[in-house]
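# What shape does this take:
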Amino acid sequence: MDKQCKVLIADDSAFARRVISSCFVGTEFQIVASADSGKNAVEQYKACSPELVLLDVIMPDLSGAEVLKQIMEINPNAKVVMVSSLGTESMVTECLALGAKAFVQKPMDKQMLMGVLAKVLAG
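The predicted model follows:
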């Protein structure tokens, strides 16, 4: 990657946002925004036009699936990676059907996350 990849992190947990953010230290990824609710995630997406979104499945006001639908309406080519500690098979299937590029189980480690993001960005 020649330039930094702009990232939006959407998770209602401040701790989870910090953990995910720490995975990007010293990488070609630049966190341009974070969101603590579904509505805020959609607003931040519109405001920042990130190239990559890490989106929690369980969010206040709008679920991750609802946020995903809205982001895909704004940009059908959006690269959204769902993140959750509650990754049921039906939830994973639903999110992938709605346009998510991948599903990452919490807790995650930096190496695993970077591997998934490299595949998403290449694909």
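
# Tell me the pLDDT of the residue nearest the centre of the chain.
Closest to where the C-alpha atoms of the chain average out (Cα atoms, centre = their mean) is L54, at 1.2 Å. Looking at L54, its pLDDT stands at 98.

# Find the helix or strand that it is a member of.
In this structure, L54 sits in strand 52-56 according to DSSP states H and E.

# Return the distance of stretch 26-33 from the chain's centre.
Mean C-alpha position of stretch 26-33 versus that of the full chain (Cα atoms, centre = their mean, to the nearest Å) differs by 13 Å.

# Would you check how far apart K39 and S22 are?
Distance of K39 to S22, given as Cβ to Cβ, to the nearest Å: 26 Å. For every residue, glycine as well, the C-beta is placed using N, CA and C.

# Please apply the same query to Q105.
From Q105 over to S22 the distance is 17 Å, taken as Cβ to Cβ.

# Of these two, which one has the most company?
Each of Q105 and S22 has its neighbours counted (other Cβ atoms under 10 Å); Q105 has more, 13 against 9.

# Below-threshold pLDDT in this structure: ranges please.
Scanning the chain for pLDDT under 70 picks out 1-2, 87.

# Quick one: the helices in it, in order.
Remark: helices assigned in the chain by DSSP state H are 14-22, 38-48, 64-74, 89-98, 110-122.

# Nearest to V80 among those helices would be which one?
Closest to V80 of these, according to Cβ to Cβ: helix 64-74, at 5.7 Å.

# could I have the closest one exported to CSV, CA atoms only?
Coordinates of each C-alpha in helix 64-74 appear next as CSV, following Å, rounded to 0.1, in the frame of the first residue of the first chain:
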residue,chain,number,x,y,z
GLY,A,64,-24.4,-3.7,13.2
ALA,A,65,-26.5,-5.3,10.4
GLU,A,66,-28.6,-2.2,10.1
VAL,A,67,-25.5,0.0,9.9
LEU,A,68,-24.0,-2.3,7.3
LYS,A,69,-27.2,-2.0,5.2
GLN,A,70,-27.0,1.8,5.3
ILE,A,71,-23.3,1.9,4.5
MET,A,72,-23.8,-0.4,1.6
GLU,A,73,-26.6,1.9,0.3
ILE,A,74,-24.2,4.8,0.5
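
# That'll do, ta.
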